[in-house]
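Enquirer: based on what follows, work out the 3D shape:
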Amino acid sequence: MSDFENLESIAVQIKENRVKLHEIEDSLSSVNVQLHEIPLKRATESTFAKITGVGYDDKMADLQRMKEQSERTKADLKSSISKDIDTFISEFSSPNLIIPLESYPKIIDGKTVYKYRGDSQFKNVFEMLCEILGLSSPLVVKDVMLSPTEIVIAVKDEFEAKQKFISSLQEIQHTLLIKKK
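Expert: The predicted structure is shown next:
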């Protein structure tokens, strides 16, 4: 069973792993610069250390190990992010997706407005969804506006609103499945 709570946690995990990936890439860049500079400075530094009677600390082996570890971590994070995005798409596209909407909508300015149960908000779900679809938030599909706080349907008849909502959700799910391929 797929639900928005689980999708929210997957989206948070993706965001956290992207931050870690960015940090690893920065660290790896720094290590690569140092690895490039050491051979250029090694002769001078080792000679200077010998002249001053201090041992030369060749950091090449340590930096090489750091580089290899960072590259493994980077590959693991990329793989994890990719798997999480696939899971997000699969779960959002599931015919068993549960969206926790209040049972009874409000009619406001001729529009049907559904709030999420318990005044829940799903900011990360919609950020990830918009990113995957290449659209901006809030999502507007077939007279239905989906946002982290509510769903607004541009009709006041509740039955027609439900039909439009189902149709727009199916279109989003279909588009996600196409993107996944």
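Enquirer: avg pLDDT for whichever helix in the chain runs longest?
Expert: Secondary structure of the chain read by DSSP state H shows that its longest helix is helix 4-52. Helix 4-52 comes out with an average pLDDT of 85.
Enquirer: what helices or strands is it leaning on?
Expert: Counting contacts by 3 or more CB pairs under 8 Å, 6 or more residues apart in numbering; DSSP states H and E, helix 4-52 packs against helix 60-92, helix 123-133. For glycine as for every other residue, the C-beta is placed from the backbone atoms N, C-alpha and C.
Enquirer: again, only this time at 10 Å
Expert: helix 60-92, strand 97-98, helix 123-133 (3 or more CB pairs under 10 Å, 6 or more residues apart in numbering; DSSP states H and E).
Enquirer: please identify the deepest-packed of those.
Expert: Among those, the stretch with the highest mean neighbour count (mean count of other CB atoms under 10 Å) is helix 123-133, at a mean of 18.
Enquirer: need the contact partners of that one.
Expert: Contacting residues not belonging to helix 123-133 are listed as 4-15, 84-85, 88-89, 92, 99, 122, 135-139, 141, 146-149, 172, 175-176, 179-180 [CB atoms under 10 Å, 6 or more residues apart in numbering].
Enquirer: give me the angle between that helix and helix 60-92.
Expert: 90 degrees (axes from the mean of the first three to the mean of the last three CA atoms, to 10 degrees).
Enquirer: buried residues, stretch 99-109. List them.
Expert: Of the residues in stretch 99-109, 99, 101, 105 count as buried by neighbour count, 16 or more other CB atoms under 10 Å.
Enquirer: any chance of JSON lines for the residues you listed, columns distance to Lys41?
Expert: Shown next, in JSON lines, are those (distance: CB to CB, whole Å):
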{"residue": "Ile99", "distance to Lys41": "60"}
{"residue": "Leu101", "distance to Lys41": "64"}
{"residue": "Pro105", "distance to Lys41": "69"}
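Enquirer: can I see the domain layout of the chain?
Expert: The chain breaks down by automatic domain parsing into domains covering 2-92, 99-180.
Enquirer: what comes up buried for stretch 143-159?
Expert: 143-148, 150-155.
Enquirer: shaky segments in this protein?
Expert: Along the chain, the model assigns pLDDT under 70 to residues 1, 39-40, 42-43, 46-47, 49-50, 56-58.
Enquirer: and for it, the residue most distant from the center?
Expert: Seen from the C-alpha centroid of the chain, the residue lying at the greatest distance (CA atoms, centre = their mean) is Ile51, 53.9 Å away.
Enquirer: and it, how far from Leu176?
Expert: 66 Å (CB to CB, to the nearest Å).
Enquirer: now do Lys67
Expert: 37 Å.
Enquirer: quick check: angle from the longest helix of the chain to helix 123-133?
Expert: Calculated by the same axes, to 10 degrees, helix 4-52 forms an angle of 80 degrees with helix 123-133.
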